[in-house]
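Enquirer: build me a structure from this.
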Amino acid sequence: MAQRWFTSQRPDYVVLALAGGVTVVAGAVALVRELAQILPNRDVPVPVALDGVSHELLLSGATGVDGAAGAVAAEATEAVVRVSGLEAVPFALVLAAAVLPLLAMLVVAACFVLLGGSFFRGRFFTRGNLTAVNVAAATLIVTSLLVPSVQGTAASSALVSLGVETGQAFVLGLDLRLLLAGFLLGAVGYAFQRGARLRRDVEGLV
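Expert: So this is what the prediction gives:
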């Protein structure tokens with residue numbers, strides 16, 4: 001019965017490994033593209049959060065109350081500024097803000113590739129699987145705080161380079177969704193740890 005269940009689940013493990021592999025490839029391509037945009041230090045795109053700030057936007061085809069073309073009230077949440085000739089510190093911040101999310105995605109995806117391959121071979125509660133789950137969980141938790149903070153600080157630094165005073169030298173951010181995902185994956189890691197311990201105890205009785 002157990003063998004039949006494992007055999008029926010093998011396609012799912014293949015999908016898990018393939019999905020992780022595709023994500024690794026896509027992340028690597030995105031990483032190369034970001035580096036190509038940033039490393040020349042010319043017209044570097046820097047996302048800037050504009051949450052809750054009201055703006056007048058000129059939209060194509062927009063008409064005012066009198067039917068004439070004009071601006072409409074809208075609430076923009078993000079803008080992209082382009083900066084050239086960044087100094088060392090702002091450049092490093094902008095580079096880190098672009099690269100860190102992709103590196104985190106690559107790490108998590110690689111962990112799922114390892115898990116899918118291990119599950120496919122019938123290895124579940126192993127030390128390698130436990131390490132992969134814990135590394136993925138820790139990556140998500142660290143990323144939930146590090147990436148928003150670096151991105152906010154990089155945006156503030158880029159604006160200062162353009163002569164716009166933001167009044168914030170350092171921005172502290174938090175991505176609650178990534179944090180929750182990290183804790184949930186950490187709970188899965190704890191279950192793997194218990195399973196691995198139970199497996200060792202059973203093997204010791206044989």
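
Enquirer: ok, Asp43 - how many residues close by?
Expert: 9 (other C-beta atoms under 10 Å). C-beta coordinates here come from the backbone N, C-alpha and C atoms, glycine included.

Enquirer: how far away is it from Ala36?
Expert: Asp43 sits 12 Å away from Ala36, going by C-beta to C-beta, to the nearest Å.

Enquirer: tell me where this structure has helices.
Expert: Under the criterion DSSP state H, the chain contains helices at 2-38, 88-120, 127-161, 176-205.

Enquirer: show me what counts as buried in the second one.
Expert: Put plainly, it is helix 88-120. By neighbour count on 16 or more other C-beta atoms under 10 Å, the buried set for helix 88-120 is 90-91, 93-102, 104-120.

Enquirer: now the shortest one
Expert: For helix 176-205, the buried set under the neighbour-count rule, 16+ other C-beta under 10 Å, comprises 178-179, 181-182, 185-186, 189, 192, 196.

Enquirer: from those residues, pick the one nearest Ala154.
Expert: Ala154 lies nearest to Leu178 out of those, by C-beta to C-beta, at 17.8 Å.

Enquirer: identify the residue nearest the closest one in space, chain neighbours excluded?
Expert: Leaving aside its chain neighbours, Leu178 sits nearest to Ser144 (3.7 Å; criterion: C-beta to C-beta, 6 or more residues apart in numbering).

Enquirer: and if you look at Val48?
Expert: Using C-beta to C-beta, 6+ apart, the closest residue to Val48 is Ala155 (4.5 Å).

Enquirer: how about that neighbour, what does it touch?
Expert: 46-49, 97, 171 (C-beta atoms under 8 Å, 6 or more residues apart in numbering).

Enquirer: what number of residues lie near the residue nearest to Arg123 when sequence neighbours are not counted?
Expert: If the residues on either side of it in the chain are set aside, Arg123 comes closest to Asn129, at 6.9 Å by C-beta to C-beta, 6+ apart. Asn129 has 20 neighbouring residues, counting by other C-beta under 10 Å.
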